[in-house]
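Novice: Here's my sequence, what's the structure:
(chains A and B)
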Amino acid sequence: MRKFSIIFLVSIVLLIVCDRSLGYLFDYFYKHTKTGQTGGKINYYLSLPQTPEWVIMGNSRALYQIIPDSFARPTYNLCHAGMHQIFQTGLLTQMEKEGKMPPLILLHIEPDEFMGEQFNRDIQNLKYYHSKNEWITRELNMLSSYEKVKFLFACYRYNGRVISLMKNYIQTMRSPVASNGYMAIEPTATDSATTMYSLQQKHPIVAETINEQQWSYLNEFIGRCQKNGTQVICFTSPIYSYHHKSSSGAQELESRLQNMGVPYINYLKKNIPSLKQKASLWKDRHHLNHAGAQFESSVLADDVDDILRQPQ
Amino acid sequence: MLFNSIQFALFFLVVTIVFFLIPHRFRWIHLLIASCVFYCAFVPIYILILFFTILIDYIAGIYIEDAHGAKRKLFLTISLISNLGVLAFFKYYNFFIENVNALIQTMGLQVHEVPYLNILLPIGLSFHTFQAMSYVIEVYRGNQKAERHLGLYSLYVLFYPQLVAGPIERPQNVLHQFREEKKFDATEAVSGLQQMIWGLFKKVVVADQLAIYVNSIYNNWEVNSGFTLLFATYCFAFQIYCDFSGYSDIALGAARVMGYRLMTNFSLPYFSKSVTEFWRRWHISLSSWLKDYLYISLGGNRLGKWKTYRNLILTMLLGGLWHGASWNFVIWGFLNGIYLSVEKLIGSFKFQTTSFVLKCGQVFITFHLICLTWIFFRANSFKQAIGILTNMLQPLQFWNLRIQDTGIFAGMTFAFVILMCVEFFLIRKKGESIFNMRSVAWSITWLVGFTLLVILFGVSDGDQFIYFQF
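Specialist: Below is the predicted model of the structure:
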């Protein structure tokens, strides 16, 4: 029993020491990382001496497709691939906390996301802010009844992202970042073929009614923006060869946005002629390459200008 | 209650501490209650099914032992029908109806479709059914005395570490252990904890990270081709291995902390040089069950060459069906049966070699043969499996590897390297003795090191264990 107690106690003490030490080490790396999706891009934006006038937020369909230089004002693309609304709202709360709210946010939304299943696990990508940001902490703790216990380990904030963090840290150290956040997908000779090939993928069937929990994240986002005097314009990027069928859920989403006074540009409904049936401008069914991104960005810039010109 | 949850960690801690605090005569009650609580964490009502089969088999065991002549066979038959009846009802009824309806449709008969049952499959049903059957068969064969203590027999079926996903134990190995007074043994306890943390690493760091990649490719198989699908299949091979062997390690470790020894379920199967050897190393408790109670009962290799092949194929077909009510599992079993028969036909012993290169070649071929069967195991339907195979063999788009998320890809590569290092350099050479406490420093390094790896790289919201569905 004595031997076991020694091993057990030494293991616990060593675990705590190693965990805290690694926590400090990763904190150092994290704070000095200014590139990549593991927080670097957020750090870069938050460290900008002057907040850009316009900020684009959303998933990969905005990250790879909306070129900030297409807009008349200084714009930053703060999009993160694969992230749903809860992540965007979490990120916004941190921007609010650090006083980095821009005058205008162009928010990319996916109507299907607000119908059907819940995507609240994306908040885990903001684990670094646990215990630092009230809203993020609350959402993280709500993921499971034992979530708080996991955060007793300092290292847990870097769970699943250590390698990416190290890579991004080294990249930041090698070449100082100066970017507008946009990530281009360079066109290749096989783009048309892969786009046509991707059409075989079935479009998932989504529910017809709004998922109120998902909506609450968007509602929170808009509410916080309005409270801080930030204008929000929502938009949805096109999908190749997509036949728009306006579901009752999508109509409900549009009317809710309208009621809140949020303009919504939906390119699933409103076609961009220059992109229609031109597979070479796409990387796959859902993503435009850089050539296609130039078209969408330019159309979006014009549409945003039109909205801003309208009397409030 | 999943083994990879904090809930289980707390449960295990409390159960183990109480186990050593109470006198030996109360321990079986404590473990029985704990096992019931563990099972009820899934679908509580299904524990009644377990109680029903436990009671039938307990009575059958006693009657078989006491009876003579044909009566013994009668009681064995009653017990087997009860066990298999429950299994058939819950697991195979809908599959059977699906095929009947398909047949009606094909024949163009103007009759109403037979309705399906809207029920959930009791968790781990196939495992505890086979374990219970093992008991009555062994009593019938005279290898095991009938257990007169209902509580101990119930514990044999319900013992929580192996209740929902094995190992499928034999009564000779386990029942006597419940009678023995277990004293706290520091060496055993530390070794058990080491094995548990290694199993947890395999599950949440290796299997769950691989699962993210495999799911992203297999769920979009229509848009993937060539090497991407082949690579995803390799990943699935290691995902299922780490998922299931990880579970077994946690089960073995949890039992070992309390001083109980369960049978080894995996022995580095992907280092096998033939499919025959693979089945001696993969899910050993099931493959030995199938061999002892099915293959040998069918006549084994005693009835001539062709009947041996028939028995092998039949055994593996049923082994496939044991995994799930789907034609995919039947094909998976059939392919394995064919492999075993072909190896028997050509005589795998002729290919025994001492050359390292040739050995590597044999391992390479065996691994690919097994990977072919995994496609059917992983695909959701036969059509999908054929589609995946067709896309995989597209010569024009073959050399095209889709990495998806670079962070996850790097993470799973890192985890795989650790797995290979431990398995190749430690377990392959020293066997499970690496879990035996060699020195205090070794144990502490192992425990702390792998706990940190689990915290840093483990998928915290990973899937449940694949084999729970069986």
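
Novice: Quickly find the element holding the residue in the stretch 351-470 of chain B positioned nearest to chain A.
Specialist: With Cβ to the nearest Cβ, the shortest gap between the stretch 351-470 of chain B and chain A falls at residue B:407, namely 3.7 Å. (Glycine included, C-beta is placed from N, CA and C.) Using DSSP states H and E, residue B:407 sits in helix B:406-421.

Novice: Residue A:232 too?
Specialist: Residue A:232 is part of strand A:231-236, with elements assigned from DSSP H and E.

Novice: Give me the residues contacting that strand.
Specialist: Residues from elsewhere that reach strand A:231-236 (Cβ atoms under 8 Å, 6 or more residues apart in numbering or on different chains): A:103-111, A:221-222, A:225-226, A:257, A:262-268, A:300, A:303-304, A:307.

Novice: List the ones among the residues you listed that fall in helices.
Specialist: For these, the ones inside helices are A:221-222, A:225-226, A:257, A:300, A:303-304, A:307, with DSSP state H as the criterion.

Novice: What's the PyMOL line that selects buried ones from those residues?
Specialist: Applying 16 or more other Cβ atoms under 10 Å in any protein chain shown to the ones in helices among the contacts of strand A:231-236 leaves a buried subset, and the PyMOL line that selects it is:
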select buried, chain A and resi 221+222+225+257+300+303+304
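
Novice: As JSON lines, the ones in helices among the contacts of strand A:231-236 with distance to chain B and pLDDT would be great.
Specialist: As requested, those are exported to JSON lines (distance: Cβ to the nearest Cβ, whole Å; pLDDT from 0 to 100):
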{"residue": "A:221", "distance to chain B": "23", "pLDDT": "95"}
{"residue": "A:222", "distance to chain B": "28", "pLDDT": "95"}
{"residue": "A:225", "distance to chain B": "29", "pLDDT": "94"}
{"residue": "A:226", "distance to chain B": "33", "pLDDT": "93"}
{"residue": "A:257", "distance to chain B": "30", "pLDDT": "91"}
{"residue": "A:300", "distance to chain B": "27", "pLDDT": "92"}
{"residue": "A:303", "distance to chain B": "31", "pLDDT": "91"}
{"residue": "A:304", "distance to chain B": "31", "pLDDT": "91"}
{"residue": "A:307", "distance to chain B": "35", "pLDDT": "89"}
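
Novice: which one among the ones in helices among the contacts of strand A:231-236 gets closest to residue B:2?
Specialist: The closest of the ones in helices among the contacts of strand A:231-236 to residue B:2 turns out to be residue A:221 (Cβ to Cβ; 33.6 Å).

Novice: So which bits of chain A are right by chain B?
Specialist: Selection of chain A residues close to chain B by Cβ under 8 Å from any Cβ of the partner chain yields A:1-4, A:6-7, A:10-11, A:14-15, A:18-19, A:22, A:37-38, A:82, A:121, A:124, A:143-144, A:146, A:149-150, A:153, A:155-156, A:158-164, A:167, A:197-198, A:200-202, A:284.

Novice: Restricting to C-alpha, output the strand holding residue A:232 in PDB.
Specialist: Output of strand A:231-236 as PDB, limited to C-alpha atoms (Å, rounded to 0.1, in the frame of the first residue of the first chain):
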ATOM      1  CA  GLN A 231     -23.800  47.600 -38.400                       C
ATOM      2  CA  VAL A 232     -24.300  44.000 -39.600                       C
ATOM      3  CA  ILE A 233     -25.000  42.800 -43.100                       C
ATOM      4  CA  CYS A 234     -25.500  39.100 -43.600                       C
ATOM      5  CA  PHE A 235     -24.800  37.300 -46.800                       C
ATOM      6  CA  THR A 236     -24.700  33.800 -48.200                       C
END
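
Novice: quick one, helices of chain A?
Specialist: Counting by DSSP H, one finds helices in chain A at the ranges A:2-31, A:40-47, A:60-63, A:85-97, A:134-141, A:147-150, A:162-174, A:191-198, A:212-227, A:248-259, A:290-309.

Novice: Tell me which residues touch residue 253, please.
Specialist: Because you didn't say which chain, this covers chain A. A:111, A:114-115, A:210, A:215.

Novice: To clarify, I was referring to chain B.
Specialist: By Cβ under 8 Å, 6+ apart, the contact list for residue B:253 reads B:191-199, B:435.
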